[in-house]
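In: Below: sequence and its predicted model.
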Amino acid sequence: MIARLLLQNTVFVVATGALLFASAGTLQWPGAWVMLIASALLGPLCGWWLYRLDPALLAERLRPVIQKDQPPADKAFIAVFVLAILAWLVAMGLDRRQLASGMPLALQVLGLVLFLASTLFTMWVFRENSFAAPVVKLQAERAQHVISTGPYAHVRHPMYSGMILFFAGVPLLLGSWWGLAMEPLFLALLGSRLN
């Protein structure tokens, strides 16, 4: 399972970097390097933590985002969401290419803090909810039940709250006002999944 985690994290970081740098037309992008290095380190560290805490949840999180027993509406949501993420990354790369966003360094540092906070928040969700699968499905084989502790005591879908931090933090870290302007799109998409 750890080998799969390392492989998936490596593929994610390399693919994200390739998409960002290709659309930016340059490797001279410190914010992107910081994000990619943080992702390369945090993915395995958080995965190892989850493996020790809840190996069944890690196994579930490593499954594909499109699955056989997933409702068709959720499959459609995931497809649209992945396309939106790809467009978002390209838009931020094009923003860098055009040097359209003159973002202050203090906001980029804030972006890193929000990115790290989103990771910590997600780990808190995983600690409380062993059923936090990436797809919508009932996990009867794992005796799924309603979670009401930790962040679930305050909000029904707390991981989406953490995603708000992520979708604000990444464009700030990358110095992209274009990317930040796309955050309402992701909020609308996540909101549509709640219905």
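Out: Arrived safely, thanks for sending.
In: Low-confidence ranges, the chain, go.
Out: Along the chain, the model assigns pLDDT under 70 to residues 131, 133-156, 194-195.
In: Residue for residue, what is the longest helix it has?
Out: In the chain, with assignment by DSSP state H, the single longest helix is helix 72-98.
In: And that one, how far out from the chain middle?
Out: With C-alpha atoms, centre = their mean, to the nearest Å as the basis, helix 72-98 stands 12 Å off its chain's centre.
In: could you measure residue 40 against residue 47, distance?
Out: Per C-beta to C-beta, to the nearest Å, residue 40 is found 12 Å from residue 47. From N, CA and C alone the C-beta is placed, and that goes for glycine too.
In: residues in contact with residue 46?
Out: Neighbour list for residue 46: 119, 122, 123 [criterion: C-beta atoms under 8 Å, 6 or more residues apart in numbering].
In: Counting only helices, which of the residues you listed make the cut?
Out: 119, 122, 123.
In: Please check those residues and keep the buried ones.
Out: Buried residues within the ones in helices among the contacts of residue 46, defined by neighbour count using 16 or more other C-beta atoms under 10 Å: 119, 122, 123.
In: What separation do you get for the last one and residue 76?
Out: Yep, that's residue 123 we're talking about. In this view, residue 123 and residue 76 are 29 Å apart by C-beta to C-beta.
In: where does residue 64 land in three-state SS?
Out: Here residue 64 is recorded as coil under DSSP: H, G, I helix; E, B strand; the rest coil.
In: quick one on the thing from earlier: how about the ones in helices among the contacts of residue 46 in TSV, adding distance to residue 98?
Out: Formatted as TSV, those follow (distance: C-beta to C-beta, whole Å):
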residue	distance to residue 98
119	29
122	32
123	36
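In: The closest residue in space to residue 80 that isn't next to it in sequence: what's it in contact with?
Out: Once flanking residues are discounted, residue 80 sits nearest to residue 189: 6.8 Å by C-beta to C-beta, 6 or more residues apart in numbering. Contact analysis of residue 189 by C-beta under 8 Å, 6+ apart lists 77, 80, 81, 84.
In: Which strands or helices does the longest helix of the chain pack on?
Out: helix 2-24, helix 158-174, helix 177-181, helix 183-194 (3 or more C-beta pairs under 8 Å, 6 or more residues apart in numbering; DSSP states H and E).
In: Tell me which of those helices lies nearest to residue 96.
Out: Using C-beta to C-beta as the measure, helix 2-24 is the one of the helices and strands packed on helix 72-98 that comes nearest residue 96, at 4.0 Å.
In: May I see the buried residues of that closest one?
Out: Neighbour-count burial for helix 2-24 flags 5, 9, 13, 16, 17, 19, 20, 21, 23, 24 (criterion: 16+ other C-beta under 10 Å).
In: which ones are touching the third one?
Out: Put plainly, it is residue 13. 36, 39, 40, 43.
In: could those be laid out in a markdown table, adding secondary structure?
Out: Listed next are the contacts of residue 13 as a markdown table, based on three-state DSSP:
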| residue | secondary structure |
| --- | --- |
| 36 | helix |
| 39 | helix |
| 40 | helix |
| 43 | helix |
